[in-house]
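Asker: My questions are about this predicted structure, shown below with the sequence.
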Amino acid sequence: MFDELTKVDIKKLEDELEYRIGTVRPKILEEVKFTRSFGDLSENAEYHAAKRERGKNESRIRYIRNMLKTAIVIEDQSQSDEVGLFDTVTFYVEEDDCEESVRIVTTLRQNSMEGLISKESPLGSAIMGKKVGDRLLIKVSDDYSYYITIRKIQKGNDDETLEIRKF
């Protein structure tokens with residue numbers, strides 16, 4: 001499976017990888033060496049904590065390398081009147097009789113608590129390419145779906161202010 005990332009996503013991952021290898025890894029290795037000198041390793045909590053941190057960092061490095069290796073660079077190809085990547089979309093939820101707004105982002109930057117919805121999510125994939133006035137069925141699972149109507153599309157762009165997801 002390939003990860004669809006923007007150029008900004010890739011740059012952020014490369015920067016994090018460089019930081020983790022060049023800055024974090026040496027600090028953690030020093031911490032492991034230092035805490036090892038405390039004595040009996042079976043009862044040395046500091047040593048075990050340092051080793052856990054080393055494991056987390058190495059795991060993140062492997063994850064980032066894999067993401068970069070399998071990445072396909074994408075760009076927003078939507079028309080000015082269609083929902084595209086990084087657009088903010090306001091829609092009416094019939095079931096709840098309310099309006100909601102979300103911003104469509106790559107999976108790497110999704111954060112539903114902040115209204116950042118992945119383009120691969122049920123909602124994101126359903127509204128991509130749609131226009132104001134379109135009524136859509138959002139199928140969340142085999143047991144649950146709901147209707148929305150797109151009311152407003154505010155065009156956005158890929159900016160560096162959106163953080164990439166950590167673990």
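Answerer: All right, it came through fine. Numbering: from 1, shown residues only.
Asker: And stretch 113-127, end to end?
Answerer: In stretch 113-127, first residue to last residue: 19 Å (C-alpha to C-alpha, to the nearest Å).
Asker: One more: stretch 107-114?
Answerer: First-to-last distance for stretch 107-114 - C-alpha to C-alpha - comes to 14 Å.
Asker: from the middle of its chain, how far away would that stretch be?
Answerer: Centre-to-centre, stretch 107-114 and its host chain are 5 Å apart (C-alpha atoms, centre = their mean, to the nearest Å).
Asker: Show residues contacting that stretch.
Answerer: Residues from elsewhere that reach stretch 107-114 (C-beta atoms under 8 Å, 6 or more residues apart in numbering): 3-5, 9, 13, 67, 116-121, 162-165. Yep, even glycine has a C-beta here, placed from its N, CA and C like the rest.
Asker: what packs against the helix-or-strand element of the chain with minimal mean pLDDT?
Answerer: In the chain, the helix or strand scored least confidently by mean pLDDT, DSSP states H and E is strand 3-5, which has a mean of 87. Applying 3 or more C-beta pairs under 8 Å, 6 or more residues apart in numbering; DSSP states H and E, one finds that strand 3-5 contacts helix 45-70, strand 71-73.
Asker: so what strands line up beside the biggest strand by length in the chain?
Answerer: In the chain, with assignment by DSSP state E, the single longest strand is strand 145-154. Sheet pairing of strand 145-154 (DSSP bridges) gives strand 88-93 (antiparallel), strand 135-139 (antiparallel).
Asker: Could you single out the most deeply buried of those strands?
Answerer: strand 88-93 (a mean of 19; mean count of other C-beta atoms under 10 Å).
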